[in-house]
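Novice: whatever this is, show me its structure:
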Amino acid sequence: MNYENFVINNRKSKRWCKPLSIKEIELVEDAKKLIKKVDNSIEIADFNVYKIGFSLQGFFYYDEDTKEMCIFIPFTILLLIGGENLCFLAVLHEVLHSQNLKNNEFFFKINFLEGLNQLLTIWLVENYSEKYKIPKRKCFSLRLTKNIKLKLTIYHLANTTYIEELRLVKEVLKKDNDLKEVFMNYIDMKPEYFKSFVPPEYFEQ
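Specialist: Residues are numbered from 1 along each chain as shown. Below is the predicted model:
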């Protein structure tokens, strides 16, 4: 059993999925508010957020039996290596997944889905957020022993996550595609809209 499956199965255990702090709850609420900032008529579907420890990225899971939408975020690690901006981007990315997949229907193949979700995550922050921004790279050093020092460079989520998927989506989107229109049709998934310009090979058969 891998770690993701383990925390999914143990998500109700406070030992493996710690309760969210006030700051972490604020990040989640800010993600919801940012989505509604695009259009206040957007209805945010319910989801639960779980704090995990042994991972570098979050993920979304839909429980087909209980219909629960679950978001798993390694808040502590993300806040440590990238601060609030990086952590917020990760939260927003998974919240967008929860809204797009609220009926557990996959219309896009995973590479196109992740690329489009990431593109819209970045677009939201750059165009609608006054509180958060796309963080620049961050360097820090970790001394392992007296004579060995490890230097790490953390690049922002936009440059390190789903690079190929982002490139693919940018190639597909036409220059005249209005990203607000793309977003509105993505958040409340309307396949027919996307079928008008997305090649068939990027849809699930």
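Novice: what's the longest helix in the chain?
Specialist: For the chain, the helix with the greatest residue count under DSSP state H is helix 75-100.
Novice: so for that one, mean pLDDT?
Specialist: Helix 75-100 shows a mean pLDDT of 94.
Novice: mind listing the strands for this protein?
Specialist: Using DSSP state E, the strands of the chain run over 48-51, 59-62, 69-73, 138-143, 149-154.
Novice: what comes up buried for the longest helix of the chain?
Specialist: By neighbour count on 16 or more other Cβ atoms under 10 Å, the buried set for helix 75-100 is 75, 77-79, 82, 84-100. The C-beta positions use only the backbone N, C-alpha and C, and glycine is treated the same way.
Novice: how about stretch 170-180: buried residues?
Specialist: Residues V172, L173 are the ones in stretch 170-180 that count as buried (16+ other Cβ under 10 Å).
Novice: so for that stretch, mean pLDDT?
Specialist: For stretch 170-180, the per-residue pLDDT averages 88.
Novice: other residues contacting that stretch?
Specialist: Contact with stretch 170-180 is made by V38, F112, G115, L119, L120, W123, V182, F197, V198, P199, Y202, as judged by Cβ atoms under 8 Å, 6 or more residues apart in numbering.
Novice: now it - C-alpha only, CSV.
Specialist: Taking Å, rounded to 0.1, in the frame of the first residue of the first chain, the C-alpha atoms of stretch 170-180 are listed here in CSV:
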residue,chain,number,x,y,z
LYS,A,170,-1.0,26.3,-23.9
GLU,A,171,-0.5,24.8,-27.4
VAL,A,172,-4.1,23.7,-27.6
LEU,A,173,-5.7,26.9,-26.3
LYS,A,174,-6.3,29.3,-29.1
LYS,A,175,-5.0,32.9,-28.9
ASP,A,176,-8.6,34.1,-28.8
ASN,A,177,-9.6,31.8,-25.9
ASP,A,178,-10.9,34.0,-23.1
LEU,A,179,-9.5,32.3,-19.9
LYS,A,180,-12.4,33.6,-17.9
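Novice: sweet, I'm off.
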